[in-house]
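Asks: need a 3D model of the sequence below.
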Amino acid sequence: MDSVGKTIDIPYQLIITIILIAIIVGCIVRFMYFTPKFKRVDEGFFGGVSRGSGHPDSSRVLPESAELLEAVSAASSSDDYKELELILSKLASLKKDLLSPSATVNATKYQAFETAHDRIATAELCALCFSQNIPARDLDIVFASWRNRGNVLLRKLCTLANLKEAGAVRAEKLFTACWEDVYHIAKGRCLKTDFSLQNGGATGRTVGGYEPENLKDLRSYDYKYGGLSASGWNGAV
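Replies: A predicted model of the protein is given here:
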């Protein structure tokens with residue numbers, strides 16, 4: 001009896017164990033299947049960290065900006081240098097946000113407003129670009145303010161850093177390259193498409209009248225028959 005009892009108890013315990021394992025696995029599968037999946041809206045890694053990792057901010061997406069500041073680094077203790085760095089940070093951060101697949105105001109929200117060169121907060125400008133609610137004239141004013149103030153600061157910094165003419169010209173070209181890069185991106189991202197300006201203002205086809213094929217071989221009609229038109233009018237008013 002004891003041997004028979006043991007042969008009965010072992011399969012019974014095995015069945016109970018298998019059932020428990022199956023229940024646990026089923027619960028895990030059910031939990032994973034019915035857990036809602038939420039879309040990630042901000043990757044947070046495009047172009048590197050937004051703030052505190054570069055010189056200036058978001059320097060990875062605008063490498064010429066770091067090279068420019070390095071060229072005038074001898075004047076890095078001046079307020080003009082700090083303001084130029086802020087302008088370059090705004091250009092780089094704006095480019096980073098405009099090209100980001102998440103399409104959110106991320107890098108630009110850290111940029112401080114400066115009355116000397118700002119006409120609108122950079123984060124607000126970025127938001128207007130995403131919604132395409134900024135007129136072309138306002139966009140030009142914002143970028144012209146950055147360009148003009150940056151050129152003034154750069155001339156002063158080149159003097160403070162004792163740069164020779166070749167070095168000053170190189171610095172100006174670097175700043176122009178930064179500005180034009182971001183301005184070109186902003187025009188394509190911030191402004192609504194004007195189809196009348198596409199392809200040089202033309203559609204590639206000339207709009208004209210249509211003449212059926214069966215009329216091409218007929219001679220011209222000069223509206224005259226016996227000195228009068230077909231309606232009897234001779235042209236006199």
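Asks: confirm that I120 lies within a helix, as I assumed.
Replies: No: assessed with DSSP: H, G, I helix; E, B strand; the rest coil, I120 is coil; it does not lie in a helix.
Asks: show the pLDDT at it.
Replies: Reported pLDDT at I120 in the predicted model: 94.
Asks: which of the helices or strands spans the closest residue in space to it that isn't next to it in sequence?
Replies: Take I120 and drop its neighbours on the chain: the residue closest to it by C-beta to C-beta, 6 or more residues apart in numbering is V142, 5.9 Å away. Yep, even glycine has a C-beta here, placed from its N, CA and C like the rest. Element membership of V142 [criterion: DSSP states H and E] is helix 136-160.
Asks: by how many degrees do the helix or strand that comes right after that helix and helix 136-160 diverge?
Replies: The first helix or strand that comes after helix 136-160 along the chain, using DSSP H and E, is helix 165-190. Using axes from the mean of the first three to the mean of the last three C-alpha atoms, to 10 degrees, the inter-axis angle of helix 165-190 relative to helix 136-160 is 160 degrees.
Asks: what residues sit buried inside helix 165-190?
Replies: 168, 170-172, 174-175, 177-179, 181-183, 185-186, 189-190 (16 or more other C-beta atoms under 10 Å).
Asks: which element follows the least confident helix or strand in the chain by mean pLDDT toward the C-terminus?
Replies: Across the helices and strands of the chain, mean pLDDT, DSSP states H and E gives its lowest value to helix 2-34, namely a mean of 71. Sequence-wise, the next helix or strand downstream of helix 2-34 (DSSP H and E) is helix 63-71.
Asks: avg pLDDT for that following helix?
Replies: For helix 63-71, the mean pLDDT works out to 91.
Asks: same thing with stretch 142-158?
Replies: 96.
Asks: what residues does it touch?
Replies: Outside stretch 142-158, the residues that touch it by C-beta atoms under 8 Å, 6 or more residues apart in numbering are 72, 75, 78, 80-81, 83-84, 87-88, 90-91, 116-120, 125, 167-168, 171-172, 175, 179, 182-183, 186.
Asks: likewise for stretch 173-183?
Replies: 62, 64-65, 67-68, 71, 88, 91-92, 94-95, 143, 146-147, 150-151, 154.
Asks: restricting the selection to alpha carbons, write it to CSV.
Replies: The C-alpha trace of stretch 173-183 is given here as CSV (Å, rounded to 0.1, in the frame of the first residue of the first chain):
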residue,chain,number,x,y,z
LYS,A,173,32.7,84.0,-42.2
LEU,A,174,32.1,81.5,-39.4
PHE,A,175,29.4,83.7,-37.9
THR,A,176,27.8,84.3,-41.3
ALA,A,177,27.8,80.5,-41.9
CYS,A,178,26.0,79.9,-38.6
TRP,A,179,23.4,82.6,-39.2
GLU,A,180,22.7,81.6,-42.8
ASP,A,181,22.4,77.9,-41.9
VAL,A,182,19.7,78.5,-39.2
TYR,A,183,17.9,81.2,-41.3
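Asks: pull the number of nearby residues for A116.
Replies: A116 has 11 neighbouring residues, counting by other C-beta atoms under 10 Å.
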